[in-house]
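K.L.:
output the structure for:
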Amino acid sequence: MDREAQREKEGRREDPQDQIQQLWETVQLGLRIPDMEELCNLAGTLGSLLAQGSDGAALCGAEGADNEGREADGIMAPGLADTVLGIRRLIYGQEATDLVLDINTAHNRVSVSGDRKSASYSLTKLHYPQSPERFQLYAQVLSSRSFPSRRHYWEVEGSESGHWGVGAAYPSIERGGGQSWIGENNKSWGLYRSEDNNRYTVIHDSKWTQLPHVPSCRRIGIWLDYEAGRLSFCELSEPIRRLHTFTASFTEPLHAAFWVYGNGAWVRIIREREKGAELLTLERETDRQIRDSEDLTPEREKLDPETRMQEEGAVSHIIHKGETEREELAGQIPDMEELCNLA
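P.N.:
Numbers count the residues shown, from 1 in each chain. Okay, the predicted model is just below:
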């Protein structure tokens with residue numbers, strides 16, 4: 001075989017869409033179950049392919065695909081979209097497509113969007129109806145749905161401005177007091193990002209660890225394997241980057257949990273196949289609110305002293321806690337075994 005033909009053959013063999021299609025066919029036929037290393041190696045490729053279809057057209061097919069159903073000009077063939085989603089669920093578990101926020105748990109500084117997919121920090125108090133489920137001290141909100149078993153996956157995106165956190169919590173988490181903050185107790189697990197030091201911090205049972213990673217994007221994937229007792233966070237950059245995995249013996253159903261603080265802070269649950277334009281609209285609206293609310297900054301002064309001190313103390317804790325661990329953690333890169341443990 002001449003060199004040109006060999007290169008052509010290798011190019012076909014290395015085509016990621018071919019790899020995914022062939023793997024899915026073997027799974028459907030029951031010929032074999034792919035090992036975890038193989039699935040992990042495909043995780044980044046899946047993210048790229050789904051990103052290509054984020055405008056909707058790529059995942060639904062569009063003019064420009066050739067007669068053989070191959071990708072043309074960045075368009076994913078219709079059949080491949082279902083294949084990608086099938087393989088993705090092998091890796092991540094069942095995607096929580098119906099995940100929405102429970103407004104009855106939202107703190108009075110958390111503005112919940114009409115579709116209940118996003119939470120943003122409000123500079124003015126919202127005066128929600130009283131509810132025993134509502135957080136009283138920190139600007140937090142839980143999901144309506146809980147996960148009592150099995151494997152689940154959801155994606156979130158956070159703002160560039162302000163401070164935000166995501167994680168999971170038992171329904172029995174305290175709703176008031178200093179230990180009601182996500183991660184500051186043994187009933188919740190949190191990943192936080194602060195604009196002040198541009199670092200991630202993970203918290204559980206009041207134990208803080210600042211991660212060495214410098215954030216490179218604002219989208220986070222969260223994997224829950226309830227029976228295995230694992231809650232994992234990855235940054236959905238290119239390539240996908242593991243951030244942290246909590247291990248525990250879960251004893252209650254878990255709700256997705258969210259925290260926001262500061263002018264322009266928001267976090268949003270991302271729908272499968274969601275149009276990128278929706279995020280752009282949200283970001284533009286947030287930018288507008290920041291500009292329009294500059295004269296509302298004195299509203300911060302109207303907070304009662306205890307609430308203001310608690311909020312500012314929480315942010316200060318995120319920024320400064322774990323600084324002494326940075327040198328020790330710097331340069332640690334997860335190996336393949338750790339990555340595979342995510343799934």
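K.L.:
bridged to Phe233, which residues?
P.N.:
Ile222, His244 (DSSP bridges).
K.L.:
just the CA atoms of stretch 246-257, as PDB, please.
P.N.:
Taking Å, rounded to 0.1, in the frame of the first residue of the first chain, the C-alpha atoms of stretch 246-257 are listed here in PDB:
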ATOM      1  CA  PHE A 246     -16.600  13.800  46.300                       C
ATOM      2  CA  THR A 247     -17.100  10.300  47.700                       C
ATOM      3  CA  ALA A 248     -19.700   9.600  50.300                       C
ATOM      4  CA  SER A 249     -22.400   7.000  51.400                       C
ATOM      5  CA  PHE A 250     -25.500   8.900  50.500                       C
ATOM      6  CA  THR A 251     -28.400   8.500  52.900                       C
ATOM      7  CA  GLU A 252     -31.100  10.800  51.500                       C
ATOM      8  CA  PRO A 253     -32.200  11.900  48.000                       C
ATOM      9  CA  LEU A 254     -30.000  14.600  46.500                       C
ATOM     10  CA  HIS A 255     -31.200  17.900  45.100                       C
ATOM     11  CA  ALA A 256     -29.100  20.100  42.800                       C
ATOM     12  CA  ALA A 257     -28.000  23.100  44.700                       C
END
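K.L.:
neighbouring contacts of that stretch?
P.N.:
Residues outside stretch 246-257 that contact it (Cβ atoms under 8 Å, 6 or more residues apart in numbering): 96, 99, 102, 140-143, 145-148, 154, 166-173, 182, 187-190, 202, 204, 222, 224, 226, 229-232, 269. In this view, the C-beta of every residue, glycine as well, is placed from N, C-alpha and C.
K.L.:
filter these to the buried ones?
P.N.:
96, 99, 102, 140-143, 145-147, 154, 166-170, 173, 182, 187-190, 202, 204, 222, 224, 226, 230-232, 269 (16 or more other Cβ atoms under 10 Å).
K.L.:
looking at this structure, which helix or strand is least sure?
P.N.:
Ranked by mean pLDDT, DSSP states H and E, the weakest helix or strand in the chain is helix 57-60, scoring a mean of 29.
K.L.:
can you list the weak-confidence ranges in the stretch 201-343 of the chain?
P.N.:
For the stretch 201-343 of the chain, applying pLDDT under 70 flags the ranges 272-343.
K.L.:
how about a cut-off of 50?
P.N.:
273, 275-287, 289-291, 293-301, 322-340, 342-343 (pLDDT under 50).
K.L.:
before we move on, the earlier item: sort out for me which of the contacts of stretch 246-257 are in helices.
P.N.:
Nothing among those maps onto helices, per DSSP state H.
K.L.:
how is this protein divided into domains?
P.N.:
Following the TED database, one gets these domains for the chain: 110-270, 273-322.
K.L.:
which stretch among the ones you listed is buried most, on average?
P.N.:
Among the domains of the chain, domain 110-270 has the highest mean neighbour count (mean count of other Cβ atoms under 10 Å), at a mean of 19.
K.L.:
ok so Gln179 is a helix residue?
P.N.:
Yes - the assignment for Gln179 (DSSP: H, G, I helix; E, B strand; the rest coil) places it in a helix.
K.L.:
show me what contacts the residue lying closest to it once chain neighbours are set aside?
P.N.:
Distances taken as Cβ to Cβ, 6 or more residues apart in numbering put Asn185 closest to Gln179, at 4.7 Å, once the chain neighbours are dropped. Applying Cβ under 8 Å, 6+ apart to Asn185 gives the contacts Ile173, Glu174, Gln179, Asp205, Ser206.
K.L.:
do you know how far Asn185 is from Arg175?
P.N.:
Plainly put, Asn185 is 11 Å away from Arg175 if you go by Cβ to Cβ, to the nearest Å.
K.L.:
how close does Gly162 sit to His127?
P.N.:
22 Å.
K.L.:
wait, Ser237
P.N.:
Ser237 is 39 Å from His127, where distance means Cβ to Cβ.
K.L.:
and if you look at Thr245?
P.N.:
Counting by Cβ to Cβ, the gap from Thr245 to His127 is 39 Å.
K.L.:
ditto for Lys207
P.N.:
35 Å.
K.L.:
is Pro215 in a helix, a strand, or coil?
P.N.:
coil.
K.L.:
where along the protein do the strands fall?
P.N.:
Ranges of strands in the chain, per DSSP state E, are 94-95, 110-112, 118-121, 140-147, 151-158, 163-169, 188-194, 199-204, 207-210, 219-225, 230-235, 241-247, 254-261, 266-270.
K.L.:
tell me the contacts of Gln200?
P.N.:
Heads up, residue 200 is Tyr, not Gln. Leu191, Tyr192, Arg193, Gln210, Leu211, His213, Pro215, Leu243, His244.
K.L.:
recalculate using a threshold of 10 Å.
P.N.:
The neighbours of Tyr200, taking Cβ atoms under 10 Å, 6 or more residues apart in numbering as the test, are 165, 191-194, 209-215, 220, 233, 235, 243-244, 318, 322.
K.L.:
tell me which residues form a beta bridge with it?
P.N.:
Arg193.
K.L.:
how much space is there between it and Leu137?
P.N.:
In this view, Tyr200 and Leu137 are 23 Å apart by Cβ to Cβ.
K.L.:
what's the answer for Ile103, then?
P.N.:
18 Å.
K.L.:
how about the contacts made by the residue lying closest to Thr209 once chain neighbours are set aside?
P.N.:
Nearest non-adjacent residue to Thr209, counting by Cβ to Cβ, 6+ apart: Val202, 5.2 Å away. Going by Cβ under 10 Å, 6+ apart, Val202 touches 165, 167, 183, 189-192, 208-211, 233, 243-246, 322.
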